[in-house]
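Participant: Predicted model and sequence below, questions to follow.
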Amino acid sequence: MASTSTTRKTAPGAPRSANTPDLLDSGLLESLVGYNTRRAYLVISAVFAERMADYGLKPVDFSVLSLLAHNPGATSRQLCAKLDILPPNFVNIVAGMDKRGLIERRPHPYDGRAVGLHLTPAGEELVREAEKAVVQLEQDASAKLTARERETLIRLLQKIYL
């Protein structure tokens with residue numbers, strides 16, 4: 001898990017030591033959206049990995065299963081676009097889920113060339129449990145924020161990528 005120690009800024013001209021990270025001047029880094037986003041991601045992703053190990057899910061697996069739970073019959077093309085995954089990479093993700101018996105392919109009702117992806121009963125049960133665990137881990141990871149701050153943070157981050 002990522003370190004939770006805070007970085008203290010040194011006074012201008014004060015001696016610094018590379019062996020004491022708490023004395024490093026990280027003012028520039030801490031003013032960067034990317035740096036702060038990455039630091040928060042490291043904390044949350046470590047907790048995610050720990051708690052999702054029981055389910056055998058990586059973040060991308062969870063995202064695909066969750067989207068399918070809420071959008072039965074979604075196509076590979078739709079899922080790739082939503083999750084910004086290259087189609088060749090998505091093939092391996094789907095193959096792994098298929099091998100685990102979590103998804104099945106069915107003909108798309110409107111497009112004879114497309115195939116819709118659906119959760120199997122095992123997939124539905126797994127994603128139901130995993131979603132509960134992820135909601136709880138997000139609450140735990142963002143416990144220092146008020147509900148309003150959390151909503152604002154999500155909205156602001158979405159402004160960057162939507």
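Facilitator: Great, that's in hand.

Participant: The chain: helices as residue ranges?
Facilitator: Secondary structure of the chain (DSSP state H): helices located at 27-30, 33-52, 59-70, 76-83, 87-99, 121-141, 147-161.

Participant: which parts of the last one are buried?
Facilitator: Burial within helix 147-161, assessed by neighbour count using 16 or more other CB atoms under 10 Å, is assigned to no residue. Just so you know, the C-beta spots here come from the backbone N, C-alpha and C atoms, and that holds for glycine as well.

Participant: I'd like the distance from that helix to the chain centre, please.
Facilitator: Relative to its parent chain, helix 147-161 has a centroid offset of 15 Å by CA atoms, centre = their mean, to the nearest Å.

Participant: residues making contact with that helix?
Facilitator: Outside helix 147-161, the residues that touch it by CB atoms under 8 Å, 6 or more residues apart in numbering are V33, T37, S142, L145.

Participant: and which of those residues is nearest H108?
Facilitator: T37 (36.2 Å; CB to CB).

Participant: The closest one - nearest residue in space that isn't next to it in sequence?
Facilitator: Of all residues not flanking T37 in the chain, L157 sits nearest, at 7.2 Å (CB to CB, 6 or more residues apart in numbering).

Participant: so how far is A53 from the one you found?
Facilitator: Using CB to CB, to the nearest Å, one obtains 26 Å as the distance from L157 to A53.

Participant: got it, and L79?
Facilitator: Where A53 is concerned, L79 sits at a distance of 23 Å (CB to CB).

Participant: neighbour count winner among those two?
Facilitator: Taking neighbours as other CB atoms under 10 Å, L79 and A53 compare with L79 leading, 20 against 10.

Participant: Could you list which residues are in contact with the more buried one?
Facilitator: Applying CB under 8 Å, 6+ apart to L79 gives the contacts V64, L67, L68, I85, F90, L117.

Participant: Give me the neighbour count for the closest residue to G73 other than its chain neighbours.
Facilitator: Of all residues not flanking G73 in the chain, G116 sits nearest, at 3.4 Å (CB to CB, 6+ apart). By other CB under 10 Å, the residues close to G116 number 20.

Participant: if I look at G123, how far off is R100?
Facilitator: 8 Å.

Participant: of these two, who's got more company?
Facilitator: For G123 versus R100, neighbours defined as other CB under 10 Å are more numerous around G123 (21 against 15).
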